[in-house]
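**Student:** no FASTA, just this:
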């Protein structure tokens, strides 16, 4: 979808939303755990604001309605895969209707850290029916662009080890016990997630961005893509350098 | 529309019995009496109420308190609650051979969420993971009777029960009447298609209960006698 085209719902128009009123731009960053999405969202936000765009960012399990409930449910040991999928979908719907759509009405650039695709990928990785979750998530707006930060599980492992230094229970898919220990389960689960996201790439028009690179390189790649969207009608965002770039590669 | 068949067929030894109907139709009383009877016959009986998942309850409460639900989030949080009860309670118990009695089931969502404006096909797909009930009793009651029971029995009608989120009327009683009327229409439209056993809820409590028990014996008497899990002590001493 081009940035000058009006937004539309995938399959299930939400009651009370007139898409022609949505003047803002909807940009999604997708990718597996520990791939560096949040860092990039922070950099992109700063850059877009410097360019004069009002930016809203939104990420999973941050809704006023379900955010806390999801955190609490994840602390226990009874959260089943179907329940998790629907809890996250509720969280997404609440953010879509109460944050994202109002911001789009107001003409914001909305940057989303994981959209329905992560919810779908997690469901598919856990063996749920792809068609079921695709139809459930059909009330989502089709974004103007989806950037899929892609890296193999091996790369993600090194990022986890160098970063947090420990594997997370849920990021390792330990609720499903994909492996004998956290590391093995992490590798298998993240491989399934990447495979599930790969399978959506064409259908949902993802732009695949190689994420096995430095933060700066990924940022410049994303910047190049977003600049090409021409967010401001009639004027491309100039490809000015950020304050102190170490490397510059647009691709 | 082959919607009923979209639910998962019950291939397990346990049984699933559900009651449906608008608020004030008397279905909870009837299900309670039925479950007491089944227990007295020695069967292992479990009970599941709509909107009762310990994982999800706080979130639903938060949304209701702040009146922040939209038709979509109202629908999704109830499906989440249902999924939790299905995954960690209903399905394991039916697999184990219990008779599970559910006060409201996916049909409640089919009626309410569609009355709120979500599309029928979307809501039906949402609940595709639900186990298909072996018996569904639908308590048919005229709107006026239900409204009188609700208004007489409680101090206040609840915001979402009255569909106040839809802006049908500023008067909560009027809104309740309109919204429950829509739900009633949805139930009536489903009754034949979904194979509901219709109980005339204006009959006496005893008559309704007799009809229910007769249907249970007719529909699953043999299976109950042969297949389902019995309470440890056996039925003969459990009364009645």
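**Tutor:** In hand now; what should we look at? Keep in mind it's a predicted model, so treat the numbers as computed, not measured.

**Student:** residues in contact with the nearest residue to residue B:103 once chain neighbours are set aside?
**Tutor:** Nearest residue to residue B:103, sequence neighbours excluded (C-beta to C-beta, 6 or more residues apart in numbering or on different chains): residue B:49, at 4.8 Å. (Each C-beta comes from the backbone N, C-alpha and C, glycine too.) Counting by C-beta atoms under 8 Å, 6 or more residues apart in numbering or on different chains, residue B:49 makes contact with B:102, B:103, B:104.

**Student:** May I ask which of these has the most neighbours?
**Tutor:** residue B:102 (27 neighbours; other C-beta atoms under 10 Å in any protein chain shown).

**Student:** Can you name the residues bridging to that residue?
**Tutor:** With DSSP bridges applied, residue B:102 shows beta-bridge pairing to residue B:18, residue B:48.

**Student:** Could you pick out the longest helix of the chain?
**Tutor:** Looking at chain A here, since you left the chain open. Longest helix in chain A by number of residues (criterion: DSSP state H): helix A:182-201.

**Student:** if you could check chain B rather than the one you did, that'd help
**Tutor:** helix B:205-226.

**Student:** Find the nearest non-adjacent residue to the residue nearest the centre of chain B, please.
**Tutor:** The centroid of chain B falls nearest to residue B:104 when counting by C-alpha atoms, centre = their mean (1.1 Å). Nearest-residue entry for residue B:104: residue B:50, 3.5 Å, with adjacent residues in sequence omitted and distances by C-beta to C-beta, 6+ apart.

**Student:** which residues does the one you found contact?
**Tutor:** B:78, B:81, B:82, B:102, B:103, B:104, B:105, B:108.

**Student:** 7 Å - rerun?
**Tutor:** B:103, B:104, B:108 (C-beta atoms under 7 Å, 6 or more residues apart in numbering or on different chains).

**Student:** same check, this time on residue B:176
**Tutor:** Per C-beta under 7 Å, 6+ apart, neighbours of residue B:176: B:147, B:157, B:161, B:162.

**Student:** do the same with residue A:225
**Tutor:** Contacts of residue A:225 (C-beta under 7 Å, 6+ apart): A:147, A:207.

**Student:** Relative to residue A:87, how far out is it?
**Tutor:** 32 Å (C-beta to C-beta, to the nearest Å).

**Student:** now do residue B:54
**Tutor:** 13 Å.

**Student:** So for the two, which sits in the more crowded spot?
**Tutor:** residue A:87 (28 against 14).

**Student:** Is it correct that the more buried one is in contact with residue A:70?
**Tutor:** Yes - at 5.3 Å, residue A:87 counts as touching residue A:70 under the criterion of C-beta atoms under 7 Å.

**Student:** Helix or strand next in line after the longest helix of chain A, which one?
**Tutor:** strand A:206-210 (DSSP states H and E).

**Student:** State the pLDDT value of the closest residue to chain B within the stretch 101-250 of chain A.
**Tutor:** Across the stretch 101-250 of chain A, the shortest distance to chain B (C-beta to the nearest C-beta) belongs to residue A:135, at 4.5 Å. Turning to residue A:135, the model gives it a pLDDT of 97.

**Student:** picking that back up, and the longest helix of chain B, what's its mean pLDDT?
**Tutor:** pLDDT averaged over helix B:205-226 gives 93.

**Student:** Buried residues, that helix. List them.
**Tutor:** Buried residues in helix B:205-226, counted by 16 or more other C-beta atoms under 10 Å in any protein chain shown: B:208, B:209, B:211, B:212, B:215, B:216, B:220, B:224.

**Student:** does any part of stretch B:161-173 sit near chain A?
**Tutor:** No - using C-beta under 7 Å from any C-beta of the partner chain, stretch B:161-173 never reaches chain A; the gap is at least 9.1 Å.

**Student:** got a list of what residue B:192 touches?
**Tutor:** Counting by C-beta under 7 Å, 6+ apart, residue B:192 has no contacts.

**Student:** Can you tell me what sits against the strand or helix carrying residue B:109?
**Tutor:** Element membership for residue B:109, per DSSP H and E: helix B:106-115. Here helix B:106-115 makes contact (C-beta under 7 Å, 6+ apart) with B:20, B:50, B:71, B:75, B:78-79, B:82, B:120, B:123-124, B:127, B:130, B:136, B:179, B:182-183, B:186-187, B:190, B:194.

**Student:** on that earlier part again, redo the contacts of residue B:49 as JSON lines? Include pLDDT.
**Tutor:** Shown next, in JSON lines, are these (pLDDT from 0 to 100):
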{"residue": "B:102", "pLDDT": "98"}
{"residue": "B:103", "pLDDT": "98"}
{"residue": "B:104", "pLDDT": "98"}
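
**Student:** Let's have those in a markdown table, adding distance to residue A:176.
**Tutor:** Formatted as a markdown table, these follow (distance: C-beta to C-beta, whole Å):
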| residue | distance to residue A:176 |
| --- | --- |
| B:102 | 27 |
| B:103 | 31 |
| B:104 | 30 |
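
**Student:** which helices and strands does the longest helix of chain B pack with?
**Tutor:** With contacts taken as 3 or more C-beta pairs under 7 Å, 6 or more residues apart in numbering or on different chains; DSSP states H and E, helix B:205-226 sits against helix B:27-40, strand B:135-140, strand B:197-200.

**Student:** So what's the predicted local confidence for the residue minimising distance to the centre of chain A?
**Tutor:** By C-alpha atoms, centre = their mean, chain A has its centre lying nearest to residue A:114, at 1.9 Å. Here, the pLDDT recorded for residue A:114 equals 97.

**Student:** And residue A:239, by the same measure?
**Tutor:** 49.

**Student:** just the strands in the stretch 51-200 of chain A please.
**Tutor:** A:55-59, A:109-113, A:145-150 (DSSP state E, counting those that start in this stretch).

**Student:** what does chain B have sitting close to chain A?
**Tutor:** So chain B meets chain A at B:55-56, B:58-59, B:62-63, B:68, B:70-73, B:76-77, B:79-80, B:83-84, B:87-88, B:117, B:119, B:122, B:125-126, B:128-129 (C-beta under 7 Å from any C-beta).
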